[in-house]
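# task: produce atomic coordinates for the following.
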Amino acid sequence: MAAKPNGVITTAIRKLGFLKPRSKQSEIIGFLGKRKRATVTEIYTSLDMVQSECSMYLGRLRGMGMVVTESEGAKVYYSLNKVKRDELVNLAGQIAKI
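Numbering: from 1, shown residues only. As a prediction, the model looks like this:
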């Protein structure tokens, strides 16, 4: 049975040293991996975070290219960058073979 992409992504990111295990950034990636997209309010309330903290981590993830935004009216939705996700899944597969 193949590993779920979200778990593979989190493992690859951790192995590469981008995120610390159980970090807020990895929690956000896990949350977004289970959903198509979410607002900052949906993310911080679901993950029991403070809004400013969540926004800071989302900004970092955007800077890494892991998260992209989409605006609809006054709402901003966050989602995983599918290209980066696929790259990490492929990289994780290569790492697993080492």
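# so what strands line up beside the stretch of helix or strand Tyr78 belongs to?
According to DSSP states H and E, Tyr78 maps onto strand 75-80. Applying DSSP bridges to the sheet, strand 75-80 is found paired with strand 38-39 (antiparallel), strand 67-72 (antiparallel).
# format those as a markdown table; extra columns: mean neighbour count and distance to Leu91.
To be clear about C-beta, it is placed using only N, CA and C from the backbone, and glycine gets the same treatment. Formatted as a markdown table, the strands paired with strand 75-80 follow (neighbours: other CB atoms under 10 Å; distance: least, CB to CB, whole Å):
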| stretch | mean neighbour count | distance to Leu91 |
| --- | --- | --- |
| strand 38-39 | 16 | 25 |
| strand 67-72 | 13 | 18 |
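# tell me the buried residues in stretch 75-83?
For stretch 75-83, the neighbour count (16 or more other CB atoms under 10 Å) marks Tyr77, Tyr78, Ser79, Leu80, Asn81 as buried.
# please apply the same query to stretch 30-40.
By neighbour count with 16+ other CB under 10 Å, stretch 30-40 contains the buried residues Phe31, Leu32, Gly33, Ala38, Val40.
# separation between the fourth one and Gly93?
In this view, Ala38 and Gly93 are 27 Å apart by CB to CB, to the nearest Å.
# who does the strand or helix carrying Phe31 touch, helix- and strand-wise?
Element membership for Phe31 (DSSP H and E) is helix 24-34. Contacts defined by 3 or more CB pairs under 8 Å, 6 or more residues apart in numbering; DSSP states H and E place helix 24-34 against helix 5-15, helix 40-46, helix 51-63, strand 75-80.
# any idea of the mean pLDDT in that helix?
The pLDDT scores in helix 24-34 average 86.
# separation between Met66 and Lys36?
Distance of Met66 to Lys36, computed by CB to CB: 16 Å.
# what's the answer for Lys97, then?
For Lys97 relative to Lys36 (CB to CB), the value is 30 Å.
# cool, and Ser46?
Ser46 sits 14 Å away from Lys36, taking CB to CB as the criterion.
# what's the answer for Tyr77, then?
Distance from Tyr77 to Lys36, by CB to CB: 9 Å.
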